[in-house]
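Q: pasting the sequence and the predicted coordinates here, then a few questions.
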Amino acid sequence: MACLLLAAPVAGQTTGPKKAGQRILQIDPADKTKSIRFDSKRLPKSASFIVSVNPVSSTAPPKLIGVIRGDLVSEEKRHIPVSDANIIVHPDGVNAFSISAQVDPKGATAGRYTTTAQLGGPGYSNALPVTIVATLRDSKGGALLLMLLGWLLGVIFKMCVDLFRADGEKIRSTASMRTWFARKGIIAVALLGLIGGLVAWALAYLPNHTWGAGGADQVRLVAAAFAGVVVGATLSDAFAPFKPA
């Protein structure tokens with residue numbers, strides 16, 4: 001399952017000479033970063049925050065305009081078109097606005113995408129630039145398949161090590177391989193190896209919100225799963241060691 005992170009940290013607020021009657025836009029520091037995670041279905045979602053207007057007044061503030069200033073571009077120079085992102089502004093009382101930053105990641109591949117939105121308009125002495133960061137990762141199912149590949153390679157490696165220690169040159173025979181797979185402890189090998197692979201998958205995939213953006217992620221996952229399986233399968237030797245016939 002793929003997942004997407006949307007952060008909207010305010011890069012700063014630009015101020016100019018304040019004219020009579022103009023008001024100032026402000027964002028609570030706690031609202032400078034917003035996040036949203038997308039699953040592998042790549043459905044549109046949004047992140048919301050509040051922009052306040054000062055000085056406080058009993059009359060409605062001027063209209064606030066939000067604009068996305070360009071495509072969301074990844075570090076690999078991939079794009080989410082600006083037409084698939086927008087800013088929606090709703091009044092929130094007479095001294096604030098509720099802002100919704102929306103992104104539709106349809107068709108986008110894994111990666112970290114950024115763009116800039118700007119909030120302002122006539123009647124305000126400043127404009128608020130907002131950086132939008134969207135992160136996507138490849139599906140959880142695809143990562144699990146790679147883990148299973150690492151599990152299979154790890155089990156084969158463990159078999160080869162056991163057979164080499166037991167009968168040397170006979171490692172090349174299918175009969176010795178059948179003996180290894182028919183061992184009493186094969187279930188323990190498989191289960192402990194699978195647990196090791198799942199731990200490696202969780203550590204490699206879950207914390208990485210751009211997993212799959214480069215081929216190195218897939219290679220590292222297979223290698224981590226392979227190592228986890230070998231460790232898990234080796235632990236099974238403590239109570240179910242391989243004993244050749």
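A: Yep, it's here.
Q: which stretches of the chain have low pLDDT?
A: Scanning the chain with the threshold set as pLDDT under 70 gives 1-21, 33, 167-173, 244-245.
Q: just the strands in it please.
A: 4-7, 14-15, 24-27, 45-54, 65-68, 72-74, 79-80, 85-91, 96-103, 111-120, 126-136 (DSSP state E).
Q: just tell me which of the ones you listed ends up closest to G142.
A: Shortest distance between G142 and those, using Cβ to Cβ, is found for strand 126-136: 13.0 Å. From N, CA and C alone the C-beta is placed, and that goes for glycine too.
Q: which non-adjacent residue is nearest P81?
A: D71 (5.7 Å; Cβ to Cβ, 6 or more residues apart in numbering).
Q: what sits against that neighbour?
A: Taking Cβ atoms under 8 Å, 6 or more residues apart in numbering as the criterion, D71 is in contact with H79, I80, P81, V82, T115.
Q: any idea how far it lies from P44?
A: Separation of D71 from P44 (Cβ to Cβ, to the nearest Å) stands at 16 Å.
Q: which residue is nearest the middle of the chain?
A: The chain has H209 as the residue nearest its centroid, 1.5 Å off, counting by Cα atoms, centre = their mean.
Q: wait, doesn't that residue sit right on V133?
A: No: with contact defined as Cβ atoms under 8 Å, H209 does not reach V133; the gap is 10.3 Å.
Q: residue boundaries of the helices in the chain?
A: Ranges of helices within the chain are 140-167, 174-181, 186-205, 215-235, based on DSSP state H.
Q: how about those in CSV, adding mean neighbour count and distance to S58?
A: Putting the helices of the chain into CSV (neighbours: other Cβ atoms under 10 Å; distance: least, Cβ to Cβ, whole Å) gives the following:
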stretch, mean neighbour count, distance to S58
helix 140-167, 18, 51
helix 174-181, 14, 81
helix 186-205, 20, 53
helix 215-235, 20, 55
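Q: looking at those helices, which is nearest to A101?
A: From the helices of the chain, taking Cβ to Cβ, the stretch that ends up closest is helix 140-167, at 25.3 Å.
Q: and this protein, what are its domains?
A: Using automatic domain parsing, the domain parsing of the chain gives 4-136, 140-238.
Q: endpoints of stretch 58-78, how far apart?
A: End-to-end distance of stretch 58-78: 46 Å, with Cα to Cα, to the nearest Å as the criterion.
Q: no, scratch that, I was asking about stretch 118-135
A: Distance across stretch 118-135, first residue to last, is 20 Å (Cα to Cα).
Q: that one: which residues count as buried?
A: For stretch 118-135, burial by neighbour count (16 or more other Cβ atoms under 10 Å) applies to 118-121, 124-130, 132-135.
Q: show me the two of the residues you listed that sit farthest apart.
A: Of all pairs drawn from the buried residues of stretch 118-135, the greatest distance, 33.8 Å, lies between S125 and T135 (Cβ to Cβ).
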